[in-house]
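>>> pasting the sequence and the predicted model now:
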Amino acid sequence: MPDIDTDLHVKMLKAYMRDALFMNDAIKRGYATRDDMIKAVRSGKLPHQVVENGRTLIKIADLEQVFGKPRSAIYGMQWGDPDTVPPLLYVKQTYVLPYVKPEHVGLEIGPGGGRWTQYLLPMKKLYVVDHYQELLDALQRQINAPNLVSILNSGTDFPGVGDEEIDFLFSFGVFVHLDPHVIESYLKNMWRILKPEGVAFIQYSDKTKIMARINNSFVDTTTESMRKMVRDAGYEIILEDNTTLWHSNVVIFRRGSR
Ligand SMILES: C[S@@+](CC[C@H](N)C(=O)[O-])C[C@H]1O[C@@H](n2cnc3c(N)ncnc32)[C@H](O)[C@@H]1O
């Protein structure tokens, strides 16, 4: 189970951000169809190197020069594109977009490469809070928006975010990896920054689901344990969705009267 200073996230990013890809991986990442890729290689338009076992290695810079950067090559899309994977599309349309308003201030915990950040941008200010500078740098290479404020935190805090400043707090693909004591600390710290009528959306691991059980990086939380942590921290649960996602659940809550 990863602890707060796990190297999991930086290792995953580094594995993804290689300088070059084998042709099959470049096709899988969506740079071009197999036919177009082969044509570009054979015509000499796409510089490449034939390496061991006759495999074709192509630099990412050359792929982007010839084909541009496809949406599917954004870091994080390997876990599913919220525009096309039905459960993620449902989450986006039902639980994210209704809370994204131009007059609102948002905050995302653990933005990664910006897979979900892109939908949160139409707010007057969007804080992105991460525990790893490498990931904030990767996001900056992907998204450059004047209303985006990056914050490097110590694991569960919100330095620089004002008291009761946040209308919508969102986190996906992060709490699934956080130990319960870290989740409890985050819940405690969120209270200060959420507006009394502000809303928080958190996706978390459900170890009763087989796809969470077979993933060692997913922590041992369930609907019941998360519900208890959220309520014990003083929040009022607005909604729980335990069916849409295959390895995790969604909980949406706001400050109660404590
Ligand atoms: C698996 S990635 C998910 C990225 C993105 N939310 C997505 O769904 O594509 C996890 C992200 O959470 C960040 N992270 C991990 N632990 C964190 C913590 N304690 N506080 C804030 N961010 C954290 C990682 O650096 C990374 O950006």
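Happy to help now that I have it.

>>> in the stretch 101-250 of the chain, which spans are helices?
With helices called from DSSP state H, counting those that start in this stretch, the stretch 101-250 of the chain shows them at 117-120, 133-142, 180-193, 210-213, 223-232.

>>> for the ones you listed, which one ends up most surrounded?
For the helices of the stretch 101-250 of the chain, average neighbour numbers computed from mean count of other CB atoms under 10 Å are highest in helix 117-120, which has a mean of 20. Bear in mind the C-beta positions are built from the backbone N, C-alpha and C, glycine included.

>>> and the contacts of that one?
With CB atoms under 8 Å, 6 or more residues apart in numbering as the test, helix 117-120 has contacts from 82, 92, 96-97, 100, 106, 108, 111, 126, 128, 139, 143, 148, 168, 170.

>>> any idea how far G162 lies from the ligand?
Going from G162 to the ligand by CB to the nearest ligand atom, to the nearest Å gives 19 Å.

>>> CA atoms only for stretch 144-159, dumped as PDB, please.
Provided in PDB are the C-alpha atoms of stretch 144-159 (Å, rounded to 0.1, in the frame of the first residue of the first chain):
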ATOM      1  CA  ASN A 144      -1.400  27.000 -19.800                       C
ATOM      2  CA  ALA A 145      -4.300  29.000 -18.500                       C
ATOM      3  CA  PRO A 146      -4.300  32.300 -16.800                       C
ATOM      4  CA  ASN A 147      -6.800  31.200 -14.100                       C
ATOM      5  CA  LEU A 148      -4.800  28.100 -13.100                       C
ATOM      6  CA  VAL A 149      -2.900  28.300  -9.800                       C
ATOM      7  CA  SER A 150      -0.500  25.500  -9.100                       C
ATOM      8  CA  ILE A 151       0.200  24.500  -5.500                       C
ATOM      9  CA  LEU A 152       2.800  22.000  -4.200                       C
ATOM     10  CA  ASN A 153       1.600  20.700  -0.900                       C
ATOM     11  CA  SER A 154       3.000  18.600   1.900                       C
ATOM     12  CA  GLY A 155       0.600  15.800   1.400                       C
ATOM     13  CA  THR A 156      -2.700  16.900   2.800                       C
ATOM     14  CA  ASP A 157      -2.700  20.700   3.100                       C
ATOM     15  CA  PHE A 158      -3.800  23.600   1.100                       C
ATOM     16  CA  PRO A 159      -1.100  26.300   1.400                       C
END
